[in-house]
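**Student:** Pasting the sequence and the predicted coordinates here, then a few questions.
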Amino acid sequence: MSGLFGVVSKKKDSCIDSLIYGTDYQAHMGSEYGGLAVLGNNGFARFIHRMSNANFRDKFFESIKNIEVHSGIGVISDLEEQPIYMKSKVGEFCIVTSGRIVNMEELAKEMMDAGICFSEFSKSHVNMTELVARIVSTGQTIQDGIKLMFGKIKGSCSLLILTREGIYAARDYFGRTALVLGQDSESFAVCSETCGFANLGYRTIRDLNPGEILLISDTEVKVLEPGYKEKKICTFLWIYTGFPSSSYEGLNSEIIRERSGKLLAKRDKGIKADLVAGVPDSGLAHAIGYSMESGIPFRRPLVKYTPTYGRSYAPPSQHLRDLTARMKLIAIKEVIEGNSLILLEDSIVRGTQLKNFTVEKIWNCGAKEIHVRPACPPLMFPCTYCNSTRTNSELITRRAIREIEGSDIEDISEYLDPTTEKYAKMIEWIRKYLNITSLKYQTLEDMIEAIGLPEENLCTYCWNGKGDGCKDCKKGNA
Ligand code: SF4
């Protein structure tokens, strides 16, 4: 996944501040690379730094301090180095992207067979942003190239393209990733996460429609393609990946997490515990909601030492993921000892970090009981549209099913239904594996109710496998 930010401003002195801080506020969406492209008096300039051991702001202020900037785009990315600079028949441009293209190798091969070369590779794969840039370059215009790209890819892609005319902003064809337009008195900005707006003085104008293409200059925003009303927004944005102060479709993540926690508590009548807690950061708001509904006090048995540890599944190697997970959370014995806890977690992917670095720490501090309440249903399918989970074998649910059935099975429909015996067996297997007192997942219905959008507008593929290949969508090959 990546977070994008773009700005076009009449104020040359503050444009760079907005760009650097605005991009920095996307940092929870990626952890590997940070990149900026700017357009100043001397033309385009592009900077990319590895972010794993570095502070984005310091690195980029140093790189850019002597450039007078009129407009720019920035990205924080998990997988590939971006922005990509390109000079082509549609003009000179820099591009950043967010999403995942499933048929990337296939498209790259097709283009290489046609004589097109690729120069940027990420971990021996074609760089997705370069692939998109090359497809865009085959159009008659940039707008035409973006439409061509939407037609060719399977997966998702939102993008920003910096040109001399302004910034082209295009949201993923199905709206899986977000792109929001903002404005202050002298500039326009566009970003993945609206937490980038508030402190910079931007007010949100609106979310782009799925497939919408804008051309943003310092004086106006032109709608080049209006996009579509049908959408499949990533539900995980509200449940986990989005920053608490970010809103998508005008719906704030923190409020939705509180609502989700309240609904979990409503289905959990009769449970006795001394305190409700959340696994930081995104579990906290779910826990606050649970506490509001249940009347059980919200306390903090776990604290995160520093936000710079970021999301625990983002680091690319297992060793780094484990190290990050072990180091970032500190348990407070004085809060835990002798108490029964209800612990809200945004989701359980592999379960290893929850078991080894959270539950174990809480038991070691003398907890009496640990009741875990994930804020979404069991994750049953790896994400096809962003970079969260890649394979079935990563998911704890599939591991449980393999153990129960003796091997992997094709038809897992009974395990998707919370009323079946098989579902109960799977949950019990996971409970034992995690070494916790009880385990109860959020239901799909309550998760959707917490968000408040119609189910057909949400991507729920992670939980029910519906929407892969987007047979139910307009394009037929999402
Ligand atoms: S499959 Fe899951 S993580 Fe991927 S876009 Fe859909 S809801 Fe989001």
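**Tutor:** Sure thing, it's come through.
**Student:** buried stuff in stretch 117-136?
**Tutor:** Buried positions in stretch 117-136, judged by neighbour count with 16 or more other C-beta atoms under 10 Å: Ser122, Val126, Asn127, Met128, Thr129, Glu130, Leu131, Val132, Ala133, Arg134, Ile135, Val136. Bear in mind the C-beta positions are built from the backbone N, C-alpha and C, glycine included.
**Student:** of all those residues, which comes closest to Tyr290?
**Tutor:** Using C-beta to C-beta, Met128 comes nearest to Tyr290 of the buried residues of stretch 117-136, at 38.2 Å.
**Student:** what's the distance between that closest one and the ligand?
**Tutor:** Met128 sits 16 Å away from the ligand when distances are taken as C-beta to the nearest ligand atom, to the nearest Å.
**Student:** For the residue of the chain most remote from its centre, grab phi and psi.
**Tutor:** In the chain, the residue that sits farthest from the middle, by C-alpha atoms, centre = their mean, is Gly338; the gap is 36.8 Å. When read as degrees, to the nearest 10, the backbone of Gly338 gives phi 80, psi 0.
**Student:** Show me what from this structure comes close to the ligand.
**Tutor:** Arg176, Cys234, Thr235, Phe236, Cys383, Tyr385, Cys386, Ser388, Cys459, Tyr461, Cys462 (C-beta under 6 Å from any ligand atom).
**Student:** Need those in CSV (columns: distance to Ala400 and neighbour count).
**Tutor:** As requested, those are arranged in CSV below (distance: C-beta to C-beta, whole Å; neighbours: other C-beta atoms under 10 Å):
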residue, distance to Ala400, neighbour count
Arg176, 27, 32
Cys234, 25, 29
Thr235, 22, 26
Phe236, 21, 25
Cys383, 19, 20
Tyr385, 24, 28
Cys386, 24, 23
Ser388, 19, 22
Cys459, 24, 27
Tyr461, 20, 23
Cys462, 16, 26
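**Student:** Using TSV, lay out those residues together with pLDDT and secondary structure.
**Tutor:** Output for the residues of the chain next to the ligand, formatted as TSV (pLDDT from 0 to 100; DSSP: H, G, I helix; E, B strand; the rest coil):
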residue	pLDDT	secondary structure
Arg176	94	coil
Cys234	95	strand
Thr235	96	coil
Phe236	94	helix
Cys383	89	coil
Tyr385	82	coil
Cys386	76	coil
Ser388	60	coil
Cys459	94	strand
Tyr461	93	helix
Cys462	93	helix
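**Student:** isn't Ser247 right up against Glu254?
**Tutor:** No: between Ser247 and Glu254 there is no contact under C-beta atoms under 8 Å: 9.3 Å.
**Student:** Can you tell me the SS state at the residue nearest to Leu148 when sequence neighbours are not counted?
**Tutor:** Nearest non-adjacent residue to Leu148, counting by C-beta to C-beta, 6 or more residues apart in numbering: Gly139, 5.1 Å away. Counting by DSSP: H, G, I helix; E, B strand; the rest coil, the backbone at Gly139 sits in coil.
**Student:** Dump the C-alpha coordinates for the helix or strand hosting Leu107 into CSV.
**Tutor:** Following DSSP states H and E, one finds Leu107 within helix 104-113. Extracted in CSV, the C-alpha atoms of helix 104-113 (Å, rounded to 0.1, in the frame of the first residue of the first chain):
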residue,chain,number,x,y,z
MET,A,104,1.5,-6.8,-13.7
GLU,A,105,4.0,-9.4,-15.0
GLU,A,106,1.6,-10.3,-17.8
LEU,A,107,1.2,-6.6,-18.9
ALA,A,108,5.0,-6.0,-18.6
LYS,A,109,5.7,-9.1,-20.8
GLU,A,110,3.2,-7.9,-23.4
MET,A,111,4.8,-4.5,-23.5
MET,A,112,8.4,-5.9,-23.6
ASP,A,113,7.3,-8.1,-26.5
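**Student:** buried ones in it?
**Tutor:** By 16+ other C-beta under 10 Å, the buried positions in helix 104-113 come out as Met104, Leu107, Ala108, Met111.
**Student:** and which of those is nearest the ligand?
**Tutor:** In terms of C-beta to the nearest ligand atom, no member of those lies closer to the ligand than Met104, at 16.2 Å.
**Student:** who's in contact with the closest one?
**Tutor:** Contacts for Met104 (C-beta atoms under 8 Å, 6 or more residues apart in numbering) come out as His125, Val126, Met128, Leu131, Gly155.
**Student:** what's the weakest-modelled helix or strand in this structure?
**Tutor:** strand 121-122 (a mean of 72; mean pLDDT, DSSP states H and E).
**Student:** Leaving aside the residues adjacent along the chain, what's closest to Asn435?
**Tutor:** Per C-beta to C-beta, 6+ apart, closest to Asn435 is Val359, 5.9 Å.
**Student:** wait, isn't the one you found in contact with Thr437?
**Tutor:** No: using C-beta under 8 Å, Val359 is not in contact with Thr437; the gap is 10.0 Å.
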